[in-house]
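**Q** structure of the sequence below:
(chains A and B)
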Protein chains: 2
Amino acid sequence: METTDLRKLIGNPSEFFNKEIRLEGWIKTLRASKQFGFIEINDGTSFKNIQVVFEDGLDNFNELKKFKTGAAIEVEGILVETPDAKQDYEVKASLIGLIADCDSSYPLQKKRHTLEYMRTIAHLRPRANIYSAGFRIRSSAAFAVHKFFQEQGFIYVNTPIITSSDAEGAGEMFNVTTLNYEETLKTKGEDFSEDFFGRKTNLTVSGQLEAETFALAYKNVYTFGPTFRAENSNTSRHAAEFWMIEPEMAFTDINGNMDMAEAMIKYIIDYVLENNRDEIEFFNKFVDKGLIERLENVRNSDFERITYTEAVEKLIASGEKFDYKVEWGIDLQTEHERFLTESIYGKPVFVTDYPKEIKAFYMRHNDDNKTVAAMDLLAPGVGEIIGGSQREERHDVLMKKVEELGIAAEELWWYLELRKFGCAYHSGYGLGFERLIMYLTGIGNIRDVIPFPRTPNNAEF
Amino acid sequence: METTDLRKLIGNPSEFFNKEIRLEGWIKTLRASKQFGFIEINDGTSFKNIQVVFEDGLDNFNELKKFKTGAAIEVEGILVETPDAKQDYEVKASLIGLIADCDSSYPLQKKRHTLEYMRTIAHLRPRANIYSAGFRIRSSAAFAVHKFFQEQGFIYVNTPIITSSDAEGAGEMFNVTTLNYEETLKTKGEDFSEDFFGRKTNLTVSGQLEAETFALAYKNVYTFGPTFRAENSNTSRHAAEFWMIEPEMAFTDINGNMDMAEAMIKYIIDYVLENNRDEIEFFNKFVDKGLIERLENVRNSDFERITYTEAVEKLIASGEKFDYKVEWGIDLQTEHERFLTESIYGKPVFVTDYPKEIKAFYMRHNDDNKTVAAMDLLAPGVGEIIGGSQREERHDVLMKKVEELGIAAEELWWYLELRKFGCAYHSGYGLGFERLIMYLTGIGNIRDVIPFPRTPNNAEF
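**A** Numbering: from 1, shown residues only, chains lettered A, B, ... in the order given. Alright, predicted model coming up:
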């Protein structure tokens, strides 16, 4: 008899009512009396469990009463409607067999564990409700990203993970090497001629610069891959390894860039609200009571668009006391960002045209000679969620900037040269995927939205 | 006036006939006489160009006659049908303006370049036809992979890139470190306590082991991410950085594993044949004349399934002379694999149940005590394209194997422990994404299907 995935059964139970079905799954809970018992099982294809009821007529009744939480079992029986019970239907079992037993040291018994403890059992925690809900949403949101861009004809591009360039000109980077340490002891200084790539290489901090070369061939492209920061920070929002989405669009100015970012965020929210309703309701109930309201508000609002200069004026005029004093020229802090998006506007806000001194070298200089065509998207509940800009496409302006900042032009020759060959105006932005998942779920620590998080002193699995 | 993407226009030209349109794109070719001229332009959203015709009535007629290949321009005009011409329609321009000029040193003039040369201009080569066709197919195939698995309820899981485990127990690995070499000079031996993660870490060679932990929570999962090999091999089929697809399925034996692999390959081929017809025809015409026939043959055939023992018997019985002699126990070479799939069966072949000595430690031992439940998919024109197995789920059997092979059990504690907690039978396989793209396009060198390939001494971009 063929096994049915729980997601199919739960997705359309009436198709199975009063029919014989076969399930394979894991025991979530089991309780039994002398004459009958109940097992909640889940095969992993659904966030929700299904209840199986068994009676003493089964040959192995006394044995299966002792089946353990976490064991894998097979179940055959009839799916029956239970209009008077808590759940709408259950399986009346004619057969329950053990597929794989579970040792009694299994840590995921019914009692609750802290998330801190769960991180020490990263190989088992995906079975717990909060992770099950979170990783399902992570998977859906990833697909929504691809679907959104593909539907609009964007080309997905895999920019290199190992690179010799430093897109940000700043971030702390991981070195990649095949030199072993004993050998290195014998070498002197920074000589990488014997290394695998014959040069110093590191893990990418962004695929943007490479994505620009593809945007200037295919107009609309996006990356979606891992990026890295070797920053020794132990905050709830930083990981050493995280996934980024970086669209890059030729023939697109900063306004088109904002249009795309806004449409993307709304699309992903829609997709998850539609495809992961059970998981979202779980988070709304147990993790973040305002979640659904906040997501629906974002989906339904027209995002505000203000300049940095206006933002600074509004913040000063608000009279609000901040830890960091607001004045033109400062980098906005999370407290400022959240005040803007939560208290002043009550919806997502794009802030544009930041002082050139606080933004990256590749952002397009505005005519005022003070600001660049940057844009950050601030969202209620979190602050900055997207950062982007129109890119400096003018070869002379960019060369001057690179010189001013002392950036090694010879290592970026290809990026600079791109400006000579039909370099249309173009724009792009970056979205940290894990930050998005935190936003979609209300999960407060980035370690809990990454399957095997990488943070300082943490790479066990 | 709004700009129209070329893909929309080419996808449904009749919608635009006799209407005013606006395009932005790059000049692919330009030829002009005294009274009129033709420009082929492309905005990157379509593999095909569109022809623009302009006449001396335009203000800047004499100027635009000198516009250069590679320059970015804007075009306004009427889309007219041209039933008597080579192309079905063209744009009769009322305005052509320069957006971004192209320096005369532009290497992608009309003349042909070798692929070797093109690799030295990785920032420009995506504009050339063969790369344009290849990277569009790469993007489509990536989406097809996600779509295939998502439609069946698989959970996408991002396994870690930086890891302290070595899934294969063999592959050469890249070290990841934040220790700088000067500091290292002062340290002694293999002491990584001061390193970022407090232990020795490397770039992953496979996400399989971690994916298994997720399959035992969600039943059906898949990875799709970068993997790495620090092998100093300069072949046309090896890169140091490449993307892998690794589905992992609980409650699935080796037969279900093969069913899934076969369905996936057919789905991807279907998707690309349907969505990238122009690109596939380009490859069929210019790169690999048998391509379409081969892909259609694969899509329409029932893949053969034979055991390794049968394969060896067939190869010996064939009387064919091979460089490597065939006898039971050898690892099949590409010549053997291709002979099986091309000459003996003329279609894809799964070979199963290989000698345990030549396969990885995690593959499930068969009852004959000689073979393991491995499966390789061999495809005409290339040989092995997928490798997979049912996994050893029995704790005692796996522990014995780990001991025999001297694998450091303490580093794999979580993988081994997984076998204690409801470890259902499960299976999975790996597909090298670049190998798939080579197969779908006929491109012969892996360096030409990766945006910025990483090979020994090559990490310039």
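
**Q** what residues does the stretch 201-350 of chain A put near chain B?
**A** Contact residues (CB under 8 Å from any CB of the partner chain) of the stretch 201-350 of chain A with chain B: A:201, A:203, A:210, A:213-220, A:225-226, A:228, A:230, A:232, A:240-241, A:243, A:250-251. Where you see a C-beta, it was placed from the backbone N, CA and C, and this is true even at glycine.

**Q** buried among those? Make that a PyMOL selection.
**A** Entered in PyMOL, the line below selects the buried ones among those, by 16 or more other CB atoms under 10 Å in any protein chain shown:
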select buried, chain A and resi 201+203+210+213+214+215+216+217+218+219+220+225+226+228+230+240+241+243+250+251
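
**Q** in strands, which of the residues of the stretch 201-350 of chain A next to chain B appear?
**A** Of these, the ones assigned to strands by DSSP state E are A:201, A:203, A:220, A:225-226, A:228, A:241, A:243, A:250.

**Q** now, which of those sits nearest residue A:291?
**A** Nearest to residue A:291 among those: residue A:243, at 21.8 Å, using CB to CB.

**Q** contacts only, for the closest one.
**A** Residue A:243 makes contacts with A:224-227, A:432-434, B:158, as judged by CB atoms under 8 Å, 6 or more residues apart in numbering or on different chains.

**Q** confirm residue A:149 sits in a strand?
**A** No. Counting by DSSP: H, G, I helix; E, B strand; the rest coil, residue A:149 is located in no strand; its state is helix.

**Q** tell me how many other residues surround it.
**A** Applying other CB atoms under 10 Å in any protein chain shown, we find 23 residues neighbouring residue A:149.

**Q** that one and residue A:156, how far apart?
**A** 7 Å (CB to CB, to the nearest Å).

**Q** find residues that contact each of the two.
**A** Common neighbours of residue A:149 and residue A:156, using CB under 8 Å, 6+ apart, are residue A:222.

**Q** the residue of chain A most remote from its centre and residue A:93, how far apart?
**A** Relative to the C-alpha centroid of chain A, counting by CA atoms, centre = their mean, residue A:57 is the outermost residue, at 48.7 Å. Separation of residue A:57 from residue A:93 (CB to CB): 10 Å.

**Q** what of residue A:428?
**A** Noted for residue A:428: a distance of 55 Å to residue A:93, by CB to CB.

**Q** same check, this time on residue A:222
**A** 48 Å.

**Q** just residue A:402 next, same as before
**A** Using CB to CB, residue A:402 is found at 71 Å from residue A:93.

**Q** cool, and residue A:253?
**A** Distance from residue A:253 to residue A:93, by CB to CB: 63 Å.

**Q** ignoring the adjacent residues along the chain, who's closest to the closest residue to chain B within the stretch 251-400 of chain A?
**A** With CB to the nearest CB, the shortest gap between the stretch 251-400 of chain A and chain B falls at residue A:251, namely 4.4 Å. Excluding its sequence neighbours, the residue lying closest to residue A:251 (CB to CB, 6 or more residues apart in numbering or on different chains) is residue B:24, at 4.4 Å.

**Q** ok so, going back, compare residue A:222 and residue A:93 (neighbour count), which wins?
**A** More neighbours surround residue A:222 than the other of residue A:222 and residue A:93, with 28 against 21 (other CB under 10 Å).

**Q** so the more buried one makes contact with residue A:156?
**A** Yes. Using CB atoms under 8 Å, residue A:222 makes contact with residue A:156 at a distance of 6.1 Å.
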